[in-house]
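J.: Mind folding the following:
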Amino acid sequence: MKKFALIIFLLLTALSLSGCSAGSKMKDGFYTAKMSDYSHGWKEYLCIMVKDGTIVYAEFNAKDASGYIKAWDNAYMRNMAPVSGTYPNEYTRNYVAQLLESQTPDTIDTISGATSSGDNFKKLSEAVIIQAKKGDSNVIIVE
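T.: Below you'll find the model as predicted:
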């Protein structure tokens, strides 16, 4: 009888604890964060889509003042790749893949040659995940 009571107690405790973490689950929807300032003419942003509490889609990139996407700039790529060993269309996809796999910015490895963007990606990821947990779809500006 004591074992039965202990099992019931443990089950109830486990259920109550799982209920406590439910508030930290991401809510379904689209969430966007963007940097507050331009860096070298580009402003980075991250948009995620959450479905069933999981990030299922993400877009990380940068736009110039006219709205042109950095990863589409072939001249930028030709200049950056030989010097840095990477380029926007490559590192943006890499950072997104890491986030989709880990579901947390804590495990994102920055890429040599794209460290500044990697640091911004982590900041943006943290911001959109906070928004997703709140269910707040307003665009958040990150310093």
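
J.: Pick out the residue closest to the middle of the chain.
T.: residue 125 (3.0 Å; CA atoms, centre = their mean).

J.: Now do the closest residue in space to that residue that isn't next to it in sequence against residue 140, distance only.
T.: Spatial nearest neighbour of residue 125, excluding adjacent residues (CB to CB, 6 or more residues apart in numbering): residue 105 at 3.6 Å. Backbone N, C-alpha and C define where each C-beta goes, glycine included. Taking CB to CB, to the nearest Å as the measure, residue 105 and residue 140 are separated by 14 Å.

J.: Which residue of these two possesses the greater neighbour count?
T.: Counted by other CB atoms under 10 Å, residue 105 and residue 140 do not tie: residue 105 has more neighbours, with 19 against 16.

J.: Correct me if wrong: the more buried one contacts residue 127.
T.: No. Using CB atoms under 8 Å, residue 105 makes no contact with residue 127, being 9.4 Å away.

J.: Test my guess that residue 73 contacts residue 81.
T.: No. Residue 73 lies out of contact with residue 81 (CB under 8 Å); the separation is 11.8 Å.

J.: who has more neighbours, those two?
T.: Between residue 73 and residue 81, residue 73 has the larger neighbour count (other CB under 10 Å), namely 18 against 15.

J.: list the contacts for the more buried one?
T.: residue 88 (CB atoms under 8 Å, 6 or more residues apart in numbering).

J.: ok now stretch 43-50, how far from the chain's centre?
T.: 7 Å (CA atoms, centre = their mean, to the nearest Å).

J.: Name the residues of that stretch that are buried.
T.: 43-48, 50 (16 or more other CB atoms under 10 Å).
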